[in-house]
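Asks: this one's structure only:
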């Protein structure tokens, strides 16, 4: 009798453990995607983007020649973890990739800092989303204003056009992301336009 009881209890324990494991897998499978929209097609702003994968920070970057800025600005880029993991395997971005560019003011002196710049107040943000079923070019830009749902810029916006003409990988500026550029080089996913621009720049330096 005792042996039968032990077998019965062991069977219950296995069933419970299996049920818990199945529940955990089920919850993982239904995890909310990073990209979400409202009923009228606006982007739901991801509140946790600062917990995503950090790609790089630029300071006072501009794509045209001009005067020195009167206010130093830092722009930092974050990408959702699933997209980053896919890039590490393929050298390009999967559908539903979302990046967030966050802009913050720079300050030169503060606390014990005497030289150089550090980041302070946030002054803007923008999302870059890959959704091939929703956007003609496959990608769209969304200026972010706090937590309010954001509308996409037109597909012919200056942001779209510039990225399509000069981006290193799939309309994204991987040339400025030092942790990703080597992977794109390895996987040979660099765009023809970017490679041509790099070749021209090297020739001009000679």
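Replies: Happy to help now that I have it. Fair warning: this is a prediction, and the values are worked out from it, not measured in the lab.
Asks: Just give the number of residues close to residue 182.
Replies: The tally of other residues near residue 182 (other C-beta atoms under 10 Å) stands at 12. Any C-beta I mention is one placed from the backbone N, CA and C, and that applies to glycine too.
Asks: where's it relative to residue 116, distance?
Replies: Applying C-beta to C-beta, to the nearest Å, the value for residue 182 to residue 116 is 27 Å.
Asks: got it, and residue 177?
Replies: Using C-beta to C-beta, we find residue 177 at a distance of 22 Å from residue 116.
Asks: what's the longest strand along the chain packed up against?
Replies: Longest strand in the chain, counting residues (DSSP state E): strand 118-130. Secondary-structure packing of strand 118-130 (3 or more C-beta pairs under 8 Å, 6 or more residues apart in numbering; DSSP states H and E): strand 73-79, strand 98-107, strand 139-144.
Asks: Would you format those as CSV with distance to residue 53 included?
Replies: Formatted as CSV, the helices and strands packed on strand 118-130 follow (distance: least, C-beta to C-beta, whole Å):
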stretch, distance to residue 53
strand 73-79, 5
strand 98-107, 10
strand 139-144, 18
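Asks: Just send these back as TSV, with mean pLDDT and mean neighbour count too.
Replies: Putting the helices and strands packed on strand 118-130 into TSV (pLDDT from 0 to 100; neighbours: other C-beta atoms under 10 Å) gives the following:
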stretch	mean pLDDT	mean neighbour count
strand 73-79	97	20
strand 98-107	97	19
strand 139-144	98	20
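Asks: Pretty sure residue 189 sits against residue 169.
Replies: Yes. Using C-beta atoms under 8 Å, residue 189 is in contact with residue 169, at 5.4 Å.
Asks: The two: which has the busier surroundings?
Replies: Taking neighbours as other C-beta under 10 Å, residue 189 and residue 169 compare with residue 169 leading, 22 against 17.
Asks: what bridges to that one?
Replies: Per DSSP bridges, the residues bridged to residue 169 are residue 172.
Asks: list the contacts for it?
Replies: With contacts defined as C-beta atoms under 8 Å, 6 or more residues apart in numbering, residue 169 is in contact with 91-93, 180, 184, 189-191, 194.
Asks: can you tell me which of the residues you listed are in helices?
Replies: Using DSSP state H, the subset of these located in helices is 184, 194.
Asks: quick one: residue 49 and residue 77 touch, right?
Replies: No. If you go by C-beta under 8 Å, residue 49 and residue 77 don't touch, sitting 9.9 Å apart.
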